[in-house]
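A.B. asks: I would like the atomic coordinates for the input below:
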Amino acid sequence: MIPERHAHAALPAPHFAIVAPLQWREIDGQWVVFRSDPPGLCEVDAFGAAVLNIIEEGPGTAPQVAGTLSRLTECAYTDELVQQVTEHLRWLASVGLVEHALP
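C.D. replies: Numbering: from 1, shown residues only. As a prediction, this is how the structure comes out:
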């Protein structure tokens, strides 16, 4: 049983960070990202490239990345934006471009 004082405590949002230095190329509206260690190549859309670019500046949570994205673009900061960022971060982690990091 969970003690009452912890029953409603929110888990901290996971932080994400870049796995290794990245090189970028834009080809016909798609971003191709090369990771050097271990070697890998991945194609990302413009939204994914924006998310990855923000994470390259430093580790962050999905809400932090969404906040930065909102400030840099005309996207409103909404729950939907946070969800889209979360989905992209999970996908970027699944292909090895970002990893969970300590805050």
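A.B. asks: hang on, residue 76 packs against residue 70?
C.D. replies: Yes. Applying C-beta atoms under 8 Å, one finds residue 76 in contact with residue 70, separated by 6.5 Å. Backbone N, C-alpha and C define where each C-beta goes, glycine included.
A.B. asks: So for those two, which sits in the more crowded spot?
C.D. replies: The residue with more neighbours, out of residue 76 and residue 70, is residue 70; 16 against 8, by other C-beta atoms under 10 Å.
A.B. asks: Look up how far residue 88 lies from the residue lying closest to residue 73 once chain neighbours are set aside.
C.D. replies: The spatial neighbour of residue 73 that comes closest, neighbours along the chain excluded (C-beta to C-beta, 6 or more residues apart in numbering), is residue 50 at 7.5 Å. According to C-beta to C-beta, to the nearest Å, residue 50 stands 9 Å off from residue 88.
A.B. asks: Quick check: bridge partners of residue 100?
C.D. replies: Going by DSSP bridges, residue 100 is paired in beta bridges with residue 16.
A.B. asks: Look at it and say how many residues are nearby.
C.D. replies: Neighbours of residue 100 using other C-beta under 10 Å come to 11.
A.B. asks: How about residue 93?
C.D. replies: Neighbour tally, residue 93, other C-beta under 10 Å: 15.
A.B. asks: Shouldn't it be within a helix?
C.D. replies: Yes. Counting by DSSP: H, G, I helix; E, B strand; the rest coil, residue 93 is located in a helix.
A.B. asks: element containing residue 55, please.
C.D. replies: helix 46-57 (DSSP states H and E).
A.B. asks: Which elements pack onto that helix?
C.D. replies: strand 15-18, strand 22-27, strand 30-36, helix 62-72, helix 79-94 (3 or more C-beta pairs under 8 Å, 6 or more residues apart in numbering; DSSP states H and E).
A.B. asks: Reformat the ones you listed as JSON lines; add mean pLDDT and distance to residue 54.
C.D. replies: Shown next, in JSON lines, are these (pLDDT from 0 to 100; distance: least, C-beta to C-beta, whole Å):
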{"stretch": "strand 15-18", "mean pLDDT": "81", "distance to residue 54": "10"}
{"stretch": "strand 22-27", "mean pLDDT": "79", "distance to residue 54": "13"}
{"stretch": "strand 30-36", "mean pLDDT": "77", "distance to residue 54": "14"}
{"stretch": "helix 62-72", "mean pLDDT": "95", "distance to residue 54": "5"}
{"stretch": "helix 79-94", "mean pLDDT": "93", "distance to residue 54": "9"}
